[in-house]
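A.B. asks: Got a sequence here, can you build the structure:
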Amino acid sequence: MKIITIVGARPQFIKAAVVSRAFREKGGIEEVILHTGQHFDSNMSDIFFKQMDIPEPKYNLNINSLSHGVMTGKMLEGIENILQSEKPDMVLVYGDTNSTLAGALAAAKLHISIAHVESGLRSFNMKMPEEINRILTDRISSVLFCPTENSVSNLQKEGFESFDARIVNSGDVMYDAALYYSNIGIDESRRKKFEFKEFVLATIHREENVRSNENLTSIISSLNIINSDFCRVVAPLHPGTLKRINELNLEVKFKILEPLSYMEMIYLVKSCKLVVTDSGGLQKEAFFFNKFCLTAREETEWTELTENRFNFLVGTQTDKLITLFEQIINMDFPPTMFLFGKGNAGGLIVEELTNF
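C.D. replies: Purely as a prediction, here's the structure:
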């Protein structure tokens with residue numbers, strides 16, 4: 001069986017690492033990795049393949065830094081050519097990026113079966129490019145691997161049980177990854193650079209926050225207040241976020257770090273007091289390691305976390321963010337719940353694909 005795995009962005013490398021390892025353990029499956037190049041600098045891409053023991057991509061399209069339409073179109077063209085040459089039995093896509101949608105569209109038009117890992121997630125905000133990508137990818141996929149009960153329920157409500165597709169509650173491969181890589185840790189020289197006492201971990205990268213002068217200014221102001229009045233803030237920031245901060249000439253009073261490897265981020269999540277983010281993945285990683293999370297968005301696709309009060313949607317208003325921060329900073333974390341499976345999603349996914 002030949003499977004082409006399509007990746008392009010940092011979270012997809014992490015997810016693919018879990019399933020690729022399960023492929024190797026199972027045997028009998030040829031996996032060809034196609035990297036669209038959506039994330040292209042070494043900290044965001046190459047280092048992940050090296051550190052996480054992901055097989056080197058056979059193809060790299062080097063498509064990045066373009067508008068959504070142009071990027072998706074160029075990816076579609078490049079992926080289609082490779083699929084025609086490789087003739088795989090199945091295409092495997094992850095998440096909700098332009099790479100995900102382009103890979104699924106190319107496979108569907110060539111009548112190649114599609115497996116979508118992280119199906120069924122819904123933020124119900126159609127202004128988010130990610131929401132459009134995930135809905136369209138789900139609709140044309142043959143196997144829908146859902147990370148949670150809520151994501152299964154979303155597909156059922158949308159009528160997917162009547163479609164020619166198989167819905168599988170596999171659990172979340174990101175939980176597998178967090179458990180596996182947290183045990184590996186980071187080297188001593190890097191650890192010494194991260195020995196911060198009592199700190200809040202923050203990230204900002206989502207388009208609606210970074211491109212909005214008002215939103216970005218408000219979030220930076222909130223983090224400055226937390227850093228000055230409550231607890232040190234440490235923020236690994238994407239280069240695009242830093243560029244916007246400089247364009248707006250915003251004063252930053254907290255500690256900024258360069259983009260980090262996945263293992264380094266996991267180390268900081270395990271060490272921090274609380275997380276402030278607009279990331280989807282970091283909301284879950286906070287939960288995996290028993291940390292509350294304040295999410296600078298109006299909605300989240302990880303509704304399990306908000307329903308059970310592990311995660312709190314604070315939007316971008318400074319007053320709301322600071323008020324909720326004060327309420328939860330010293331709260332005890334509730335007892336563990338298995339909302340994302342039990343850390344064996346990779347094996348379940350490979351077993352299902354083998355029997356497809």
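
A.B. asks: Asp15 - how many residues pack around it?
C.D. replies: Asp isn't right for residue 15; it's Lys. 26 (other C-beta atoms under 10 Å). Any C-beta I mention is one placed from the backbone N, CA and C, and that applies to glycine too.

A.B. asks: With Gly343 instead?
C.D. replies: By other C-beta under 10 Å, neighbour count at Gly343 equals 19.

A.B. asks: Next up, the contacts around it.
C.D. replies: Gly343 makes contact with 171, 175-176, 179, according to C-beta atoms under 8 Å, 6 or more residues apart in numbering.

A.B. asks: Of the residues you listed, which is the most crowded?
C.D. replies: Result: Asp176 is most packed of the contacts of Gly343 (other C-beta under 10 Å), 28 neighbours.

A.B. asks: Helix or strand: which one has it?
C.D. replies: Per DSSP states H and E: Asp176 is located in helix 173-184.

A.B. asks: Just the element for Val276, please.
C.D. replies: With DSSP H and E as the test, Val276 turns up in strand 274-277.

A.B. asks: Show me what that strand pairs with in its sheet, parallel or antiparallel.
C.D. replies: strand 199-203 (parallel), strand 293-295 (parallel) (DSSP bridges).

A.B. asks: Please work out which residues outside the helix or strand just after the longest one touch it.
C.D. replies: Of the helices and strands lying after strand 199-203 in sequence (DSSP H and E), the nearest is helix 207-210. Outside helix 207-210, the residues within contact range by C-beta under 8 Å, 6+ apart are 127-129, 204, 215-216, 219, 238, 240-241, 244, 278, 296-297, 316.

A.B. asks: In CSV, list the strands paired with strand 274-277 along with mean neighbour count and distance to Lys193.
C.D. replies: Conversion of these to CSV gives the following (neighbours: other C-beta atoms under 10 Å; distance: least, C-beta to C-beta, whole Å):
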stretch, mean neighbour count, distance to Lys193
strand 199-203, 25, 13
strand 293-295, 26, 24
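
A.B. asks: Just put the ones you listed in CSV and tack on mean pLDDT.
C.D. replies: Output for the strands paired with strand 274-277, formatted as CSV (pLDDT from 0 to 100):
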stretch, mean pLDDT
strand 199-203, 98
strand 293-295, 98
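
A.B. asks: who wins for proximity to Phe163 among those strands?
C.D. replies: Closest approach to Phe163 among those is made by strand 293-295 (31.3 Å; C-beta to C-beta).

A.B. asks: next one: the closest one to chain centre, how far?
C.D. replies: 15 Å (C-alpha atoms, centre = their mean, to the nearest Å).

A.B. asks: Cheers, nothing more for now.
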